[in-house]
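Undergrad: Predicted model and sequence follow; I will ask about them next.
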Amino acid sequence: MNESLEEAMARLRREFSEAAVERLAAIRQSLSQLDDPAGAASAIEILEREAHKLHGGGATFGLPMISRLGAALEELAGVALTELDRDRMARLTAALGTVIEAGEGFSESDEAALLAELGDDLPPEEDY
């Protein structure tokens, strides 16, 4: 039986959401390795790559907060290791976790509360 376009998009969105959990875990692991001089460069590469995938996938599948948070993390990871804002990265990662773990249950009121909590940590939406 052929899958309809709607069914295919729903399946792909579920697959993205499942992969997002794994990408979040990789980002969290990378953050924990930034203080290790031997592994920091590799950790930041992984963090930037996984954030990039969340940025693009979130946009593709209509998950704007995942996309926006991924973009912000990707941008933060693109600076020199000595200039990393680890506290801000940790706050954005925690927010990303909130969105990903809520899944379909992440509401507009949840988004408003998260945006208020993040304040200036998250650049304006039009930047992405």
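TA: Sure, I can see it.

Undergrad: For stretch 36-48, give the mean pLDDT please.
TA: Per-residue pLDDT over stretch 36-48 has a mean of 93.

Undergrad: Pull out the buried positions in it.
TA: Under the neighbour-count criterion of 16 or more other CB atoms under 10 Å, stretch 36-48 has Ala43, Ile44, Ile46, Leu47, Glu48 buried. From N, CA and C alone the C-beta is placed, and that goes for glycine too.

Undergrad: Looking at these, which are in helices?
TA: Ala43, Ile44, Ile46, Leu47, Glu48 (DSSP state H).

Undergrad: Okay, the fourth one and Arg13: tell me how far apart.
TA: Distance, Leu47 to Arg13, by CB to CB, to the nearest Å: 24 Å.

Undergrad: The third one too?
TA: Applying CB to CB, the value for Ile46 to Arg13 is 24 Å.

Undergrad: ditto for the first one
TA: Separation of Ala43 from Arg13 (CB to CB) stands at 29 Å.

Undergrad: quick one: low-confidence parts of the protein?
TA: Low-confidence segments of the chain, defined by pLDDT under 70: 1, 126-128.

Undergrad: longest single helix anywhere in it?
TA: helix 5-32.

Undergrad: Check which helices and strands that one sits against.
TA: helix 40-60, helix 86-102 (3 or more CB pairs under 8 Å, 6 or more residues apart in numbering; DSSP states H and E).

Undergrad: what angle do that helix and helix 40-60 make?
TA: 160 degrees (axes from the mean of the first three to the mean of the last three CA atoms, to 10 degrees).

Undergrad: Next, the buried residues of helix 5-32.
TA: Neighbour counts using 16+ other CB under 10 Å place Arg13, Phe16, Ser17, Ala20, Arg23, Leu24, Ala26, Ile27, Arg28, Ser30, Leu31 of helix 5-32 among the buried residues.
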